[in-house]
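Asks: my questions are about this predicted structure, shown below with the sequence.
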Number of protein chains: 4
Amino acid sequence: MIKDKEFMRERIILAAMRVFSKYGFFKAPVHLIAEEASVSKGLVFWYFRSKRELIIEVAKRSLPLEIIDSCLESGLSGEKILECIGKGYMEKYRDPVQRSLLLHTMALETLYEEIAKEMNSLCEEKLDEAAEKVFGESSVRGKVALRAFFGGLMCYILRRPKDINEKVFLKNLISIIMAGYENKTAS
Amino acid sequence: MIKDKEFMRERIILAAMRVFSKYGFFKAPVHLIAEEASVSKGLVFWYFRSKRELIIEVAKRSLPLEIIDSCLESGLSGEKILECIGKGYMEKYRDPVQRSLLLHTMALETLYEEIAKEMNSLCEEKLDEAAEKVFGESSVRGKVALRAFFGGLMCYILRRPKDINEKVFLKNLISIIMAGYENKTAS
Amino acid sequence: MIKDKEFMRERIILAAMRVFSKYGFFKAPVHLIAEEASVSKGLVFWYFRSKRELIIEVAKRSLPLEIIDSCLESGLSGEKILECIGKGYMEKYRDPVQRSLLLHTMALETLYEEIAKEMNSLCEEKLDEAAEKVFGESSVRGKVALRAFFGGLMCYILRRPKDINEKVFLKNLISIIMAGYENKTAS
Amino acid sequence: MIKDKEFMRERIILAAMRVFSKYGFFKAPVHLIAEEASVSKGLVFWYFRSKRELIIEVAKRSLPLEIIDSCLESGLSGEKILECIGKGYMEKYRDPVQRSLLLHTMALETLYEEIAKEMNSLCEEKLDEAAEKVFGESSVRGKVALRAFFGGLMCYILRRPKDINEKVFLKNLISIIMAGYENKTAS
DNA sequence: CATGAATGAGCCTTCATTCAT
DNA sequence: AATGAATGAAGGCTCATTCAT
């Protein structure tokens, strides 16, 4: 059945995510992934032409592209967009596996063209598009503000401080970004 | 002479930085580093007990710890600290080698205890200390603001947008952070 | 139908011949043969117990045994036999697939007992039998002459010189062998 | 010392010849060669970039190119050349290792460009050159005769008949070729 | 200090073969 | 008969590390 095939593929990907997040893409041998998925090593190569292909599949999934896309296309505007993105991030990267993978994936950019493209789109087009939608205009200040927003989120995700919970962090971050953007006199 | 010894060690480290930045820590074979430094492979292991040791040395250098330290100990206060840090970042990571290394080093955190500690200190203590010095008080909002600041810098460094130069970005970022922090009513 | 069964078996063998001639017996994966025959990999193993069995089947077919047999049993005598064999060779090995296979099969002799036997019979008994029938007596000189004949054919087949066509080559070869055998004084 | 390096390289080549002659180029794993040479597997790859490189080195050595070259350049003429080549062949391929390797190398022609070239030169230029030198003129008949000579040698080498020793075979073969060539009336 | 030959563990990948469907 | 998913055993090759010189 087609279902079976997709199911097995998915099973391998999920196992790979766990293993890659623990050892990094290049220190994780394929046989560990096979074991984690409880399949033979050969089967991994039945579903993925090469380790590289598996890495790229996992890496793409670890990026927040679809979060941003869905928030941008949701019809929301203003700081609601930031809320949407913020919540999406928090949810996705609450999982330590995803958090660790994100770090490893960011480093891949130097090595894999496919990942570099994905990150380009994420960090330039999407980000500028978001800036426009959030602030209702395209401006340097907006772009900077959005970078501060994204960066702030990233910072929180990568090193979650024990004394600030998700909601509080997000509320403050959005407030800082929105207020900071408005108050142009301060610049 | 002792000088010679230090000189050679330094030469190997610099070669390693170039090679690691290009291939990543784990895909860069030691013999490439030796070639880049124009020394024999054996010599690399005379100066560094293992590849791991060399990786850690290079990784530590790629972090912005000493920038932050020097700014915190400079006696500056308020947004002058942000300026100091911002300029330091821009300067250090203008070099694509450093930029690429930073990405790879961040991913190391999962694997090397030494790097994890360094990043812990950087992302928690130093950051909170900075927040206090910048805003003159210890508050959640301050910590969030500083994360937005750092994150914004990181964002800019990793993907330098063509249409925003360093100075403009920094001025806007600092202004947004400072203004956003002040204007608590917006939250 | 039985016909179908034989037909499919034949189809796989023909595909195997093409693939083996291109890649050699050991560098040709079974899945390529299956693809060439437009059947599934599993089916190849339904018709042949193992790859080895398929190799031997193909290898045997690439030898000129049945050519020699039919000429020896044809009732011909003297140089007519050489003509018969010569024409048979030319016809069979005009096909580059057969020519390439012959080379690969000859190398198999070291590895597969079955092929070694076949080649033994070919290169000793059959050859000596031919010598006797051609020259009307069993003599060392006759055996040598027939080896020169066979070897000459082989030489022509493996590297067909552009400036000598099949007929001319064969006429000259037979003439040389027959005349050389007769003229014992020259020895 | 340079001597040591060449010595070790040679040692590996000789081991490879023995192993390849027994298992064929593609069924002989590198680790067997290493064992045969009493070195580590890694060392084989220190001296030869790849297995392919080692194969080609061994294959080239198994061809009779230098025998033919030295006979053609020896200043000999007429059937003396055939004697020279014949003796060279007998000597070289008396060794079963060389004999087996020759078979395997001939099959390589289909796969490796380098070997194809070598065999081209051997079977076309060299052979035609020899024909001219032996018979004092360039003619189709001469070329055919020389192919019969070479082929006869090959035949003998590959399957040495027990009842014909080297000397007798060679004497008869040369006599047949020379007499057969002369006696044009027979054609 | 410096070199580079030598080692051996381990990795990615291929592929013959089996088997449930 | 026929398919193709699944297995596992090798195989080629890389590379960190050691060591004699």
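Replies: Cool, got the structure. Numbers count the residues shown, from 1 in each chain, chains lettered A, B, ... in the order given.
Asks: which residues does stretch A:137-151 contact?
Replies: Contacts with stretch A:137-151, where a contact means Cβ atoms under 8 Å, 6 or more residues apart in numbering or on different chains, come from A:82, A:85, A:127-128, A:130-132, A:134-135, A:173-174, A:176-177, A:180-181, A:184, A:187, B:147-156, B:161, B:163-164, B:168-169, B:172-173, B:176-177. Heads up, the C-betas are built off the backbone N, CA and C, glycines and all.
Asks: in helices only, show me the residues you listed.
Replies: Cross-referencing the contacts of stretch A:137-151 against helices under DSSP state H gives A:82, A:85, A:127-128, A:130-132, A:134-135, A:173-174, A:176-177, A:180-181, B:147-156, B:168-169, B:172-173, B:176-177.
Asks: got a PyMOL select line for the buried ones in the contacts of stretch A:137-151?
Replies: Here is the PyMOL command that selects only those of those that count as buried (16 or more other Cβ atoms under 10 Å in any protein chain shown):
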select buried, (chain A and resi 82+85+127+128+130+131+134+135+173+174+176+177+180+181) or (chain B and resi 147+148+149+150+151+152+153+154+155+156+161+164+169+172+173+176+177)
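Asks: the residue in chain A that chain C sits nearest to: which element?
Replies: Each residue of chain A has a distance to chain C, by Cβ to the nearest Cβ, and the smallest belongs to A:Trp46, at 11.7 Å. Taking DSSP states H and E as the definition, one finds A:Trp46 inside helix A:41-47.
Asks: hmm, who's touching that helix?
Replies: For helix A:41-47, the external contacting residues (Cβ under 8 Å, 6+ apart) are A:Met8, A:Arg9, A:Ile12, A:Val30, A:His31, A:Ile33, A:Ala34, A:Ala37, A:Leu54.
Asks: again, but for stretch A:174-187
Replies: Surrounding stretch A:174-187, the residues in contact under the criterion Cβ under 8 Å, 6+ apart are A:79, A:82-83, A:86, A:135, A:141-142, A:145-146, A:148-149, A:152, B:141, B:144-145, B:148, B:171-172, B:175-187.
Asks: kindly recompute the last result at 7 Å.
Replies: The contact list for stretch A:174-187, computed with Cβ atoms under 7 Å, 6 or more residues apart in numbering or on different chains, reads A:79, A:82-83, A:86, A:135, A:141-142, A:145, A:148-149, B:144-145, B:148, B:171-172, B:175-181, B:183, B:186-187.
Asks: the longest helix along chain A: how far from the chain's middle?
Replies: Of all segments of type helix in chain A, defined using DSSP H, the longest is helix A:2-23. The chain centroid and the centroid of helix A:2-23 are separated by 18 Å under Cα atoms, centre = their mean, to the nearest Å.
Asks: cool, stretch A:149-156 as well?
Replies: Distance of stretch A:149-156 from its chain centroid, counting by Cα atoms, centre = their mean, is 11 Å.
Asks: one more: stretch A:90-102?
Replies: Average the C-alpha atoms of stretch A:90-102, do the same for its chain, and the two points are 8 Å apart (Cα atoms, centre = their mean).
Asks: quick one: is it near chain B?
Replies: Yes. Using Cβ under 7 Å from any Cβ of the partner chain, stretch A:90-102 comes into contact with chain B via A:Ser100.
Asks: quick one: buried residues of that stretch?
Replies: Across stretch A:90-102, burial judged by 16+ other Cβ under 10 Å covers A:Met90, A:Lys92, A:Tyr93, A:Val97, A:Gln98, A:Arg99, A:Ser100, A:Leu101, A:Leu102.
Asks: for those residues, which one is nearest chain B?
Replies: A:Ser100 (5.1 Å).
Asks: could you report the pLDDT at that closest one?
Replies: As summarised for this prediction, A:Ser100 has a pLDDT of 97.
Asks: then A:Arg159?
Replies: Confidence for A:Arg159, expressed as pLDDT, is 89.
Asks: over to the one 10 residues further on?
Replies: At A:Phe169, the predicted lDDT confidence score is 97.
Asks: quick one: residues contacting it.
Replies: Taking Cβ under 7 Å, 6+ apart, we find A:Phe169 in contact with A:Tyr156, B:Val144.
Asks: one more time with 10 Å
Replies: With contacts taken as Cβ atoms under 10 Å, 6 or more residues apart in numbering or on different chains, A:Phe169 has the following neighbours: A:86, A:90, A:152-153, A:155-157, A:160-161, B:140, B:143-144, B:147.
Asks: same deal with A:Tyr93?
Replies: Contacts were defined as Cβ under 10 Å, 6+ apart; by that measure A:Tyr93 touches A:62, A:64, A:67, A:99-102, A:153-154, A:156-158, A:160.
Asks: out of the residues you listed, which is nearest to DNA strand E?
Replies: A:Leu101 (16.3 Å; Cβ to the nearest atom of the strand).
Asks: shouldn't that closest one be in contact with A:Ile13?
Replies: No. In this structure, A:Leu101 is not within contact of A:Ile13 by Cβ atoms under 10 Å, at 11.5 Å.
Asks: overlap in contacts, the two.
Replies: With the criterion set as Cβ under 10 Å, 6+ apart, the overlap between the contacts of A:Leu101 and A:Ile13 is A:Val58, A:Arg61.
Asks: I'd like the distance between the closest residue to chain B within chain A and C:Leu108.
Replies: Of the residues in chain A, the one nearest chain B is A:Gly151, at a distance of 2.1 Å by Cβ to the nearest Cβ. Between A:Gly151 and C:Leu108 the distance is 66 Å, computed by Cβ to Cβ, to the nearest Å.
Asks: just A:Ile176 next, same as before
Replies: In this view, A:Ile176 and C:Leu108 are 77 Å apart by Cβ to Cβ.
Asks: same question for A:Pro29.
Replies: Computed with Cβ to Cβ, the distance linking A:Pro29 and C:Leu108 is 37 Å.
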